[in-house]
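Asker: fold the following and give me the result.
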Amino acid sequence: MALSVKVTTSAEHAPPDLVAVGVPVVATGNGPALPEGLPPSVSGFALPETLDSRWCERHRFKAKVGEVLDLYGLEGPGRLLVGLGDEESVDEESWRRAAASFVRASGAGGRALLVVPQGCMGLAPADLGDAVTVGAILGSYRFDSYRSKRDSNPSTVERLDVCAGPLDEVEGGVRRGTIFAAATSFARDLVNTPPSDLTPLSLAAKINEVLSHKEGVTLQVWDEERIADERLGGLVGVSRGSNESPRLLRADYTPKNPVEVNGRIPYIALVGKGITFDSGGLSLKTAEGMTTMKTDMSGAAVVMAVLSACSDLDVRVRVSAIAPVTENMPGGSAIKPGDVVTIRNGKTIEVLNTDAEGRLVLADALVLATELLPDAIVDVATLTGAAVVALGTEIAPIFGTDAALVDQICMASKRSGEKLWRMPLPDEYQDHIDSEVADMKNVGKPGQAGSIAAALLLREFTGDGAWAHLDIAGPARSSELVGYNPKGGTGFGVRTLLELLSRYGEPSDDG
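Answerer: Predicted coordinates for the structure are as follows:
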C-alpha cells in the first residue's frame, strides 16, 4: 500500500503513532540555518530555535537537498533536520527530494510529520503540497512482488502529515500530487515487471484492468491480424522474431468538463514505444546490454499511465494514447539487416540494424496519430544510447517541429522536476538517413548524432502538425537511489505530460 499524505495544523498532543518530526533547514553563507516562520513547537514537542553551526559541522551536516540529520537525545519522536539546499534557490524540487529523504529516514511504520514554515517559503501552498506529496510517495515506492519472503511490514512510515497552511490550498496540492504519484507508480510497476510476465498480451491486460475503471476512457487492443490488415509494416517486421504476437493499444479520453480554444476542444495525441523485451534481434545485444531491456517499454507505460490519471485530474482536453507493443527477438523468422519494411503511410525503411527497432514501430504509430488530426503529437521512447552519451541518465533530450509545443513541454518539465534539454533537428543532417534502396534507412552515420538521426526519421511520419519527441533512454531507469527515484523504472515523463495536459489551453503563468 502506498504511503498516504495528510495536511494538519499544529496540535497540542502528538498522535500515539508519531515516530518522527521533520524540521526543514536551509544552507546559508554562515552554515545551516532554520528558515523564518517555523512554529516554536508542534504536536506538543519543542522545535529548535537556532542551530549551532559548529555542531552541524561536526556532524558533517550542510543542509544539502535531501540531507537528513537526527537530533539525538530528545524525548518522544525523533526530530530530524531535513536539508532544503541553498536558501535562495529552494523550489518544488527541493521539497520533493527533502520529503523523499525524510520519509525514508523516519523509520518503518507509524506516522511522520513534516513542518513547513509559515508562508511556505514563497511557494504557492498548493504547489508545495503537491511537491511534498509526490516526493514522499515516490520516495517510499518499492517493487517487491517477486520476493519469496515478502515483508508485510512497510519499509518507510505509512503516513506523512504535512503541517502547513492555508489548509484548503495545501490539501488541494496534496490531492493533485497523490494522483501524479499514483500514475507514476503505475508506470514503474509495469516497467519493473519481468519481461516474461509482461508480454504484449499481458501488458494489454494490465493496462485494460486499470483503464476500464476510469471515467471517460476507452481502450482498443488490436491483435496481429488487425495490425497486418492496418498495414503497420514496422510493427509486423519487428515482431517477426518473437513467439509472442504483437499488440497495438489505443486509449482515448473524453473530458466531462471540456475547455474550448478558438471554438474547439484541444486534442493531444501521445505515442509511446512498447518493446516489452529488446534482445536487439539479429543485431544481438551483449549479455550485459540485455539485462535492463525490460525497460524498453517505458514509453508505452508512460503514455498509458498518463491516460489513467486524466479523469481523476479532470483534464479538460481530449487525449489519445497509442502504443505499438512487441518483443524484439532473434527467432528464425526475424527481420534481417538489409530488409525493407513499408510503414502505414507507404514510406519505406531499409533496416540495417535490427537493434534500431523502436523507430520502426513508432513510425506506424505516429502515422496513426496524424490520422486522428490532433492539435499536437508527443511521443515518448527509450530510443537511443546516443541520448545517454550526450545527457546522461537524469536529463532527456526533446526534439520538435513546433516551437510553441516544445516551449509548453519544457515549462511543464520545470514544474514537474523532470529535466529536458532542447535538441536541434537540422535539415542538413537529413542525408544521415538516406538509403540506397529505400526512402530512408533506420540508422545514421556511425558515431555521429545518433539521437538526432533517429528523431529525423520519426519526423518523416508526423505530417505537417505540431510534434515533439522525448528520448527517455537515460532517465527511464535509475541504476541507484537518486532523490525520489529508487533503483529500477522511474516513470519519467508521466508527471511532465500530466502537467502539460492539465494546463493545456489555459493562459500561461510563465509568460
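Asker: output the lowest mean pLDDT helix or strand found in this structure.
Answerer: Within the chain, no helix or strand scores below strand 45-46, which has a mean of 80 by mean pLDDT, DSSP states H and E.
Asker: following element in sequence after it, please.
Answerer: Next in sequence after strand 45-46, counting helices and strands by DSSP states H and E, comes helix 53-58.
Asker: and that following helix, what does it pack onto?
Answerer: Other elements packing on helix 53-58 under the criterion 3 or more CB pairs under 8 Å, 6 or more residues apart in numbering; DSSP states H and E are strand 31-33. Heads up, the C-betas are built off the backbone N, CA and C, glycines and all.
Asker: quickly run through the sheet partners of the strand it packs on, with directions.
Answerer: Using DSSP bridges, strand 31-33 pairs in its sheet with strand 18-28 (antiparallel).
Asker: so what's the gap between the least confident helix or strand of the chain and the chain middle?
Answerer: 38 Å (CA atoms, centre = their mean, to the nearest Å).
Asker: settle this for me: residue 35 is touching residue 116, isn't it.
Answerer: No. Residue 35 is beyond contact range of residue 116, at 9.4 Å (criterion: CB atoms under 8 Å).
Asker: what about the residue nearest to residue 384 when sequence neighbours are not counted, distance to residue 410?
Answerer: Distances taken as CB to CB, 6 or more residues apart in numbering place residue 451 nearest to residue 384, at 4.4 Å, with adjacent residues excluded. Computed as CB to CB, to the nearest Å, the residue 451 to residue 410 distance reads 17 Å.
Asker: and the two? which has more neighbours close in?
Answerer: residue 451 (24 against 19; other CB atoms under 10 Å).
Asker: CA atoms only: put the helix or strand encompassing the more buried one into CSV for me.
Answerer: Using DSSP H and E, residue 451 sits within helix 450-459. Once non-C-alpha atoms are left out, helix 450-459 reads as follows in CSV (Å, rounded to 0.1, in the frame of the first residue of the first chain):
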residue,chain,number,x,y,z
GLY,A,450,22.6,9.2,-33.2
SER,A,451,19.6,10.7,-31.3
ILE,A,452,19.2,13.4,-34.0
ALA,A,453,19.2,10.8,-36.8
ALA,A,454,16.5,8.8,-35.0
ALA,A,455,14.4,12.0,-34.5
LEU,A,456,14.8,12.9,-38.1
LEU,A,457,13.4,9.6,-39.2
LEU,A,458,10.5,9.9,-36.8
ARG,A,459,9.8,13.4,-38.3
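Asker: got the contact list for that helix?
Answerer: Contacts to helix 450-459, defined as CB atoms under 8 Å, 6 or more residues apart in numbering, come from residues 349, 356, 358-359, 362-363, 366, 379, 383-387, 389-390, 397, 399, 401, 423-426, 429-430, 432-433, 440, 442-445, 467, 469, 471.
Asker: tell me how far residue 449 lies from residue 419.
Answerer: Distance from residue 449 to residue 419, by CB to CB: 21 Å.
Asker: again but with residue 357, I slipped
Answerer: Counting by CB to CB, the gap from residue 357 to residue 419 is 27 Å.
Asker: neighbour-wise, which of these two wins?
Answerer: Using other CB under 10 Å, the more surrounded residue of residue 357 and residue 419 is residue 357, with 29 against 17.
Asker: what is the burial count for residue 264?
Answerer: When neighbours are counted by other CB under 10 Å, residue 264 comes out with 10.
Asker: ok so, going back, which residues do residue 35 and residue 116 both contact?
Answerer: Contacts common to residue 35 and residue 116, judged by CB under 8 Å, 6+ apart, are residue 24.
Asker: higher neighbour count, the two?
Answerer: Neighbour count, other CB under 10 Å: between residue 35 and residue 116, residue 116 has more, with 25 against 18.
Asker: where's the nearest residue to the more buried one once chain neighbours are set aside relative to residue 171, distance?
Answerer: Closest residue to residue 116 apart from its sequence neighbours, by CB to CB, 6+ apart: residue 164 at 3.6 Å. Distance, residue 164 to residue 171, by CB to CB: 10 Å.
Asker: which neighbours do the two share?
Answerer: 7, 129.
Asker: between the two, which one's more packed in?
Answerer: residue 164 (25 against 19).
Asker: would you list the phi and psi of the more buried one?
Answerer: When read as degrees, to the nearest 10, the backbone of residue 164 gives phi -160, psi 160.
Asker: name the helix or strand for the closest residue to residue 423 other than its chain neighbours, please.
Answerer: Excluding its sequence neighbours, the residue lying closest to residue 423 (CB to CB, 6+ apart) is residue 397, at 4.3 Å. Taking DSSP H and E as the criterion, residue 397 maps to strand 395-400.
Asker: pull the CA atoms of that strand into CSV?
Answerer: Output in CSV follows, covering the C-alpha atoms of strand 395-400 (Å, rounded to 0.1, in the frame of the first residue of the first chain):
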residue,chain,number,x,y,z
ILE,A,395,18.1,14.5,-18.5
ALA,A,396,16.2,13.6,-21.6
PRO,A,397,16.6,15.4,-25.0
ILE,A,398,13.5,16.9,-26.5
PHE,A,399,13.1,17.4,-30.3
GLY,A,400,10.2,19.1,-32.1
